[in-house]
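[1] Got a predicted model here, sequence first, then my questions.
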Amino acid sequence: MPMIGLCLTACLLGLTARAGATDPTIPPLPKAVSSFGAAVADGSIYVYGGHSGKTHTYSTETTVGTFYRFKLEGGTKWEELPGGPQMQGLALVAHNGTIIRIGGMQPRNKPGDPADNVSLASAARFNPKVNKWEDLPELPAPRSSHDAVVVGNTLVVAGGWQMNGAGQTPDWCDTLVLLDLAKPGAKWESVPQPFQGRALTMAEHDGKVYVIAGLTPDGGTSHDVHIFNLATRKWTTAPKIPGERMNGFSPAAVVLDGHLYVSPADGIVYRLSGDKWEPTVKLQTPRFVHRLVPIGGGKALALGGASRAGNVAECEVVTPTKGH
C-alpha cells in the first residue's frame, strides 16, 4: 500500500477508539426519531417533529408533531412544549431567542395504506417567553427534505423537493429562498440554485451559507459542497465531503470555535481545513438523518437520527480532536 494510504488507514483506525460519549446529564430523546429539526437558543436545545417508524414506511402514525426543550445548564429531562403539525423533513433554526420552523413533509395515509405524502409551505416562530407559536409568511411553494440557516437577520432555505401526494411526481426545488426576519411584512425572495438536491445539510460559516451533500434527482448521492454569498448573491464551491456513497445522504453539520464540521453516515466527524476535509473523531453510534448542535466548550451534541439498526434516541457528546 502506498505511504499516503498507510497514513490514512492508521489515522482512521485511531478514530475508532471513540469520538464522543453518551452523557448521563443529557438523557435520550423522548422518542427515537430521524429527519427532525433541532436548534439551540439561550442555553437550551429544541427538537421538533421527526420520523419514528421503520425506514421508508410513512403514515399518520410514524410522523410526530411533538416539540421538546432541554436546558443545558441544570436540565434533567426533556420538557414537552406546545407542538404543532405532524411533520418530518423540516428545518428548525434559532433567531434572537426564538425558534423558527420551516416547511416539512406530512403523510396523509393511515398505516398499511398506500403512501400519500405532501410537502408543507408553512413557517412558524415559537417565542419561549410566552410559550406560543405565531405564523410566519408561507414559503413560495411547499418544501421538505431541505435545510435552513440564519445569517444576521436573514433566514436562508435551500434544497428539498415538493411532494405532491399519492401517485404524483415530486418537484425538485431549484431555488434558494430568503426572508428578512427583521422587516415586518417581508416577503420571500428567490435566488436560483446551481443544483437540485434534498436530504442535505446546511451551516453558516464565516458569514456564508454552506449547503452540503444530499440526494440527487437521478437517485444518486452528492458529496458536493456549495457556498452561497449572501452579500453578492453568488455561488462558489468547497471541497467535496469524503467517504463512502452513503456519506452524501443527509449528514449533519455544525460550526465550533470558527471551524465547520460535518458528520456523515460513516460516523467520522470531518473538519474543513483549507482545501480538504480532515477526520477528527468517530461517533460511538454512526448515524444519518440526524442533527449536530453546539453545546459550548468546543463541543457538539449528536441528536437522534437513523443507524443501520434503526432510529436512535441516544444523545452523544462530540469533542473533535485537533488536526492530524
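    Arrived safely, thanks for sending. Numbering: from 1, shown residues only.
[2] rest of the way, CA atoms for contacts and neighbours
    OK.
[3] what about the nearest residue to Phe126 once chain neighbours are set aside, neighbour count?
    Setting aside the residues directly before and after it, Phe126 is nearest to Trp133 in space (CA to CA, 6 or more residues apart in numbering), at 4.3 Å. Trp133: 19 surrounding residues under other CA atoms under 10 Å.
[4] do Ser35 as well
    By other CA under 10 Å, neighbour count at Ser35 equals 29.
[5] Repeat that for Ala121.
    18.
[6] helices and strands of the protein: which one bottoms out on pLDDT?
    The weakest-scoring helix or strand in the chain, judged by mean pLDDT, DSSP states H and E, is helix 3-15 (a mean of 38).
[7] returning to what we had before: my read: the residue nearest to Phe126 touches Arg125, true?
    Yes: if you go by CA atoms under 8 Å, Trp133 and Arg125 touch, sitting 5.4 Å apart.
[8] Which secondary structure element is home to the residue nearest to Phe126?
    Secondary structure assignment for Trp133, by DSSP states H and E: strand 132-136.
[9] so what strands line up beside that strand?
    strand 117-127 (antiparallel) (DSSP bridges).
[10] just to revisit the earlier point, now the strand holding Trp133: average pLDDT?
    Averaging pLDDT along strand 132-136 gives 97.
[11] same check, this time on stretch 214-221
    pLDDT averaged over stretch 214-221 gives 97.
[12] roughly how far is it from the heart of the chain?
    17 Å (CA atoms, centre = their mean, to the nearest Å).
[13] how about the CA coordinates for that stretch, as CSV?
    Output of stretch 214-221 as CSV, limited to C-alpha atoms (Å, rounded to 0.1, in the frame of the first residue of the first chain):
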residue,chain,number,x,y,z
GLY,A,214,-27.6,15.3,-0.4
LEU,A,215,-29.6,13.1,-2.7
THR,A,216,-30.0,13.9,-6.4
PRO,A,217,-32.9,13.6,-8.8
ASP,A,218,-31.2,10.7,-10.6
GLY,A,219,-31.3,8.6,-7.5
GLY,A,220,-27.7,9.2,-6.6
THR,A,221,-25.9,10.9,-3.7
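[14] Hmm, Tyr46 and Ala91 touching each other?
    No: using CA under 8 Å, Ala91 makes no contact with Tyr46, being 11.8 Å away.
[15] The two: which has the busier surroundings?
    Neighbours were counted for Ala91 and for Tyr46 using other CA under 10 Å; Ala91 has more, 27 against 24.
[16] ok, which stretches of the stretch 201-324 of the chain are strands?
    For the stretch 201-324 of the chain, the strands defined by DSSP state E, counting those that start in this stretch occupy 201-205, 208-215, 221-229, 234-238, 252-256, 259-263, 268-273, 276-282, 291-296, 299-303, 306-307, 310-311, 316-318.
[17] if we can go back for a sec, who touches both of Ala91 and Tyr46?
    Listed as contacting both Ala91 and Tyr46 by CA atoms under 8 Å, 6 or more residues apart in numbering are Ala38.
[18] coming back round to it: adding mean neighbour count as columns, could you present the strands of the stretch 201-324 of the chain in a markdown table?
    Formatted as a markdown table, those follow (neighbours: other CA atoms under 10 Å):
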| stretch | mean neighbour count |
| --- | --- |
| strand 201-205 | 24 |
| strand 208-215 | 25 |
| strand 221-229 | 20 |
| strand 234-238 | 14 |
| strand 252-256 | 24 |
| strand 259-263 | 22 |
| strand 268-273 | 22 |
| strand 276-282 | 22 |
| strand 291-296 | 21 |
| strand 299-303 | 24 |
| strand 306-307 | 20 |
| strand 310-311 | 20 |
| strand 316-318 | 24 |
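[19] To Ala166, which of these lies closest?
    strand 208-215 (20.8 Å; CA to CA).
[20] helices or strands up against the closest one?
    Secondary-structure packing of strand 208-215 (3 or more CA pairs under 8 Å, 6 or more residues apart in numbering; DSSP states H and E): strand 147-151, strand 201-205, strand 221-229.
[21] quick one: Pro286 and Trp235, what's the gap?
    31 Å (CA to CA, to the nearest Å).
[22] for Gln196, that is, sorry about that
    Taken as CA to CA, the span from Gln196 to Trp235 is 14 Å.
[23] Likewise for Thr60?
    Taking CA to CA, one finds Thr60 at 38 Å from Trp235.
[24] Likewise for Val317?
    33 Å.
[25] distance of the closest residue to Ile268 other than its chain neighbours from Asp42?
    Excluding the flanking residues, the one nearest Ile268 by CA to CA, 6+ apart is Lys282, at 4.2 Å. With distances taken as CA to CA, Lys282 is found 28 Å from Asp42.
[26] likewise Thr62?
    Counting by CA to CA, the gap from Thr62 to Asp42 is 31 Å.
[27] who has more neighbours, these two?
    Per other CA under 10 Å, whichever of Thr62 and Asp42 has more neighbours is Thr62, with 21 against 12.
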